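Asker: just to be clear, the model below is a prediction. Sequence and coordinates:
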Amino acid sequence: MPTSRTDNDQEPPAAIAAHGLRKSYGDKVVLDGVDLAVPEGTVFALLGPNGAGKTTVVKILSTLISADAPSADAGSGSGSGGVRVGGHDLTANPQAVRAAIGVTGQFSAVDGLITGEENMLLMADLHHLPRSEGRRAAAGLLERFDLTGAAKKPASTYSGGMKRRLDLAMTLVGNPRIIFLDEPTTGLDPRSRHNMWNIIRELVADGVTVFLTTQHLEEADELADRIAVLNNGRIAAEGTAKELKRLIPGGHVRLRFTDPAAYHSATLTLNNATRDDEALSLQIPGDGSQHELRTILDRLDTAGVEADELTVHTPDLDDVFFALTGTADIPDQPKETAR
């Protein structure tokens with residue numbers, strides 16, 4: 001889970017800072033004034049539906065494409081001139097930005113015709129590392145990503161998870177301090193996805209900043225210190241996972257009874273609950289915190305009533321995503337956790 005910070009902790013400096021980021025293709029506006037601030041040594045997740053502009057943001061920040069120039073009424077901070085990555089101005093010094101970052105895209109950059117080791121050495125050559133240093137870096141990363149046993153085999157024989165690990169290992173050859181991961185676990189099975197999560201956590205523990213785009217909301221919930229939701233070219237909301245979940249109403253505790261007499265007593269005791277007489281259940285608004293649950297149970301104990309089942313529903317990132325992007329209605333059936 002993301003590392004929490006106390007109020008006394010000093011916020012680390014920004015690894016990525018963008019103001020008023022804009023990009024259009026003809027009449028289609030992809031990004032319409034996006035502001036971003038990513039502290040060093042953290043995971044920042046950018047969520048959004050297909051076509052929201054997530055990959056466009058990554059391409060701009062990694063110098064693959066240029067942002068639109070600021071419009072006359074957009075202010076001096078807009079456009080690509082308002083972007084700093086690794087402390088370098090994206091427009092004035094793109095080469096310095098490239099030296100500070102690594103990028104792993106949705107589609108693997110691995111060359112399947114050569115071995116894993118040869119892929120790594122090729123990347124070392126692209127970074128102009130001396131041969132001996134390149135071999136040491138390749139060997140170390142292959143070991144770190146558990147690929148030493150397959151290093152001499154053609155990458156075309158690798159599983160999807162192995163290719164993803166090799167792809168990320170290749171990205172790390174230049175020792176970047178900022179890594180862009182554009183949907184890095186697309187197509188991976190659950191075990192491979194969890195392995196990739198552990199690798200990302202290790203990178204961040206070493207001080208690397210990770211800018212992550214993903215459509216796996218669980219992934220953002222597990223990894224990200226902060227999350228932004230991109231919709232229609234704008235940031236619809238930003239915050240920690242906990243903060244975003246608070247934006248969506250509907251949290252509640254649900255009690256079920258099998259004894260009608262116990263149910264009737266509970267309705268008198270918990271007079272703020274919504275009743276379902278047919279199901280013999282009560283629904284109490286709340287966040288399901290430990291204090292709140294203890295209060296409910298203490299009131300029932302005082303009345304001599306015991307519920308047969310207690311479940312807690314709190315909005316999750318799926319609910320947040322649906323509500324902010326309008327891609328679907330919030331599900332009618334709440335996700336409940338039995339207690």
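Answerer: Received, thanks.

Asker: make it CA atoms for all contacts and neighbour counts henceforth
Answerer: Will do.

Asker: just the helices in the protein please.
Answerer: Per DSSP state H, the chain carries helices over the ranges 54-61, 94-100, 116-126, 131-144, 160-171, 190-205, 217-223, 241-246, 260-269, 290-302, 317-325.

Asker: now for those, which one comes closest to Thr311?
Answerer: helix 290-302 (10.2 Å; C-alpha to C-alpha).

Asker: tell me how far that closest one lies from the chain's centre.
Answerer: Put simply, helix 290-302 sits 35 Å off its chain's centre (C-alpha atoms, centre = their mean, to the nearest Å).

Asker: angle of that helix against helix 260-269?
Answerer: 120 degrees (axes from the mean of the first three to the mean of the last three C-alpha atoms, to 10 degrees).

Asker: which of the helices of the chain is buried the deepest?
Answerer: Mean neighbour count, computed with mean count of other C-alpha atoms under 10 Å, is highest for helix 160-171 among the helices of the chain, reaching a mean of 24.

Asker: restricting to C-alpha, output that helix in CSV.
Answerer: Provided in CSV are the C-alpha atoms of helix 160-171 (Å, rounded to 0.1, in the frame of the first residue of the first chain):
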residue,chain,number,x,y,z
GLY,A,160,3.7,-12.1,-21.2
GLY,A,161,4.9,-11.5,-17.6
MET,A,162,8.5,-12.2,-18.5
LYS,A,163,8.4,-9.8,-21.4
ARG,A,164,6.9,-7.1,-19.2
ARG,A,165,9.7,-7.6,-16.7
LEU,A,166,12.3,-7.5,-19.4
ASP,A,167,10.7,-4.3,-20.8
LEU,A,168,11.0,-2.6,-17.4
ALA,A,169,14.5,-3.9,-16.9
MET,A,170,15.5,-2.4,-20.2
THR,A,171,14.0,0.9,-19.1
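
Asker: neighbouring contacts of that helix?
Answerer: 102-104, 108-110, 116, 119-120, 123, 141-142, 145, 147, 155, 184-185, 187-189, 192-193, 196 (C-alpha atoms under 8 Å, 6 or more residues apart in numbering).

Asker: now do that helix, average pLDDT.
Answerer: The average pLDDT within helix 160-171 is 91.

Asker: same check, this time on stretch 96-113
Answerer: Across stretch 96-113, the average pLDDT comes to 87.

Asker: buried residues in it, which are they?
Answerer: Of the residues in stretch 96-113, 97-98, 100-106, 108-112 count as buried by neighbour count, 16 or more other C-alpha atoms under 10 Å.

Asker: need the max-distance pair from those residues.
Answerer: Across the buried residues of stretch 96-113, the longest distance by C-alpha to C-alpha is 28.6 Å; it joins Val97 and Gly112.

Asker: return the helix or strand in the protein with minimum mean pLDDT.
Answerer: strand 337-338 (a mean of 40; mean pLDDT, DSSP states H and E).

Asker: pull up the distance across stretch 170-177, start to finish.
Answerer: End-to-end distance of stretch 170-177: 14 Å, with C-alpha to C-alpha, to the nearest Å as the criterion.

Asker: could you do stretch 173-186 as well?
Answerer: One end of stretch 173-186 to the other measures 22 Å (C-alpha to C-alpha).

Asker: run the chain-centre distance for it.
Answerer: Stretch 173-186 sits 13 Å away from the centroid of its parent chain (C-alpha atoms, centre = their mean).

Asker: next one: stretch 195-202
Answerer: On the basis of C-alpha atoms, centre = their mean, stretch 195-202 sits 13 Å off its chain's mean C-alpha point.

Asker: leaving out sequence neighbours, find the closest residue to Ile197.
Answerer: Just to correct that, residue 197 is Trp rather than Ile. Spatial nearest neighbour of Trp197, excluding adjacent residues (C-alpha to C-alpha, 6 or more residues apart in numbering): Leu223 at 7.2 Å.

Asker: meant to ask about Ser62
Answerer: Spatial nearest neighbour of Ser62, chain neighbours left out: Arg98 (6.8 Å); criterion: C-alpha to C-alpha, 6+ apart.

Asker: that neighbour reaches Leu61, doesn't it?
Answerer: No - counting by C-alpha atoms under 8 Å, Arg98 does not reach Leu61; the two are 9.6 Å apart.
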